[in-house]
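Colleague: no letters, just coordinates:
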């Protein structure tokens, strides 16, 4: 997956041109550093060991293709630990020491949010393949104006479900998920995903009016009997979205 993002990352790095020429670059070739804030944990989808090669290939490609002719891009790495505190601390350290002109990452949503909010006050761009949550897209203009997401997002996935519902004229949907599901990608991945879908249900009135019914299962064994009843009787003509 990391290598599939190279074209997007390479293009996004073009934003360095604007920042570079306004902040550090003159007529001679300059070293421009990029702050890469990703988790140093191979259990995570976007870990440093998985993504480092892709970042280096992308930065080399930018130079070779002549997109930046007066700079050398120098990635500097730090462990975000997928943590609000650790990611913000590393971002501040890079900023205070005036080491970088662009941030790559964090990727985990809860680590990315405070950094993405802060960089607008530093006037520095942030590029990430993560930051999946719908809020990053819905509130980009005010909260996250310096953020560029180059990967998939929950906004796009939610819009897909809205198209499916509208196409089949469905007005019922059941979201079944584990609150901590897919934690290797980021904490509370399934919860954040379902928040985006739920928000889309509420704002897209063209797909019909939705009634919300919440039900919490404490044991897996409780889910199957409930599904059998709902699928067979109440929701036979509905969309089921299931995550584990």
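Modeller: Happy to help now that I have it. Being a predicted model, the structure only gives us computed values, none of them experimental. Residues are numbered from 1 along each chain as shown.

Colleague: measure the closest residue to residue 82 other than its chain neighbours to residue 67 for me?
Modeller: Among residues not flanking residue 82 along the chain, residue 108 sits closest, at 3.9 Å (CB to CB, 6 or more residues apart in numbering). Where C-beta positions appear, they are placed from N, C-alpha and C, glycine not excepted. Noted for residue 108: a distance of 29 Å to residue 67, by CB to CB, to the nearest Å.

Colleague: more neighbours: which of the two?
Modeller: Set residue 108 next to residue 67 and count neighbours by other CB atoms under 10 Å: residue 108 wins out with 28 against 15.

Colleague: wait, doesn't the more buried one sit right on residue 39?
Modeller: Yes. Counting by CB atoms under 8 Å, residue 39 is a contact partner of residue 108 at 6.8 Å.

Colleague: now list whatever residues contact both of those two.
Modeller: 46, 80, 82 (CB atoms under 8 Å, 6 or more residues apart in numbering).

Colleague: for the residues you listed, which one is nearest residue 199?
Modeller: Nearest to residue 199 among the shared contacts of residue 108 and residue 39: residue 82, at 23.1 Å, using CB to CB.

Colleague: count the neighbours of the closest one for me.
Modeller: 27.

Colleague: three-state assignment of it?
Modeller: coil (DSSP: H, G, I helix; E, B strand; the rest coil).

Colleague: residue 161 touches residue 197, doesn't it?
Modeller: Yes. The pair residue 161 / residue 197 is scored as a contact, 5.9 Å apart, by CB under 8 Å.

Colleague: give the rounded mean pLDDT of the longest helix along the chain.
Modeller: The longest helix of the chain (DSSP state H) is helix 48-64. Mean per-residue pLDDT for helix 48-64: 85.

Colleague: for the residue positioned nearest the centre of the chain, grab phi and psi.
Modeller: Nearest to the geometric centre of the chain sits residue 131, at 2.0 Å (CA atoms, centre = their mean). Main-chain dihedrals, residue 131, degrees, to the nearest 10: phi 50, psi 60.

Colleague: mind checking how far it is from residue 96?
Modeller: 23 Å.

Colleague: likewise residue 55?
Modeller: 23 Å.

Colleague: among those two, which residue is more densely surrounded?
Modeller: residue 55 (24 against 8).

Colleague: OK, contacts around the more buried one?
Modeller: Residue 55 makes contact with 9, 34, 36, 75, 104 under the criterion CB under 8 Å, 6+ apart.

Colleague: just the residues you listed: which has the poorest pLDDT?
Modeller: Minimum confidence in the contacts of residue 55 sits at residue 9, scoring 59.
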